[in-house]
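Asker: predicted model and sequence follow; I will ask about them next.
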Amino acid sequence: MLIRQIEVFLKRTKMPATKFGRLAAHDPRFEGDLRNGRTPRPATQSRVEHFMNEYRETTGAY
C-alpha cells in the first residue's frame, strides 16, 4: 500500500510529511489525505514512487 511505503520513507529520511507532499505530489496535504482515505490516481502514485526511488538513489537514504 502506498501510504505504508510513504510512512516508512518519512520515518527513515526524517522528512516532514508536508515537505514530502510538496516535493512528490505538489500537494502538502497529500500524505494526510491518504491517511484519511484518499485514493491517488495511477499517474500520481507512479510519480510518488518515482520520487521516493530517486531520493533514495541520490541521497543514499536508507
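Answerer: Nice, I can see it.
Asker: by contact count, what packs against the biggest helix by length in the chain?
Answerer: Counting residues, the longest helix found in the chain (DSSP state H) is helix 42-59. Using 3 or more CB pairs under 8 Å, 6 or more residues apart in numbering; DSSP states H and E, the elements in contact with helix 42-59 are helix 2-13, helix 17-25. From N, CA and C alone the C-beta is placed, and that goes for glycine too.
Asker: report the angle between it and helix 17-25.
Answerer: Using axes from the mean of the first three to the mean of the last three CA atoms, to 10 degrees, the inter-axis angle of helix 42-59 relative to helix 17-25 is 110 degrees.
Asker: next one, pLDDT for the nearest residue to residue 2 once chain neighbours are set aside please.
Answerer: Distances taken as CB to CB, 6 or more residues apart in numbering place residue 45 nearest to residue 2, at 5.7 Å, with adjacent residues excluded. As predicted, residue 45 sits at a pLDDT of 97.
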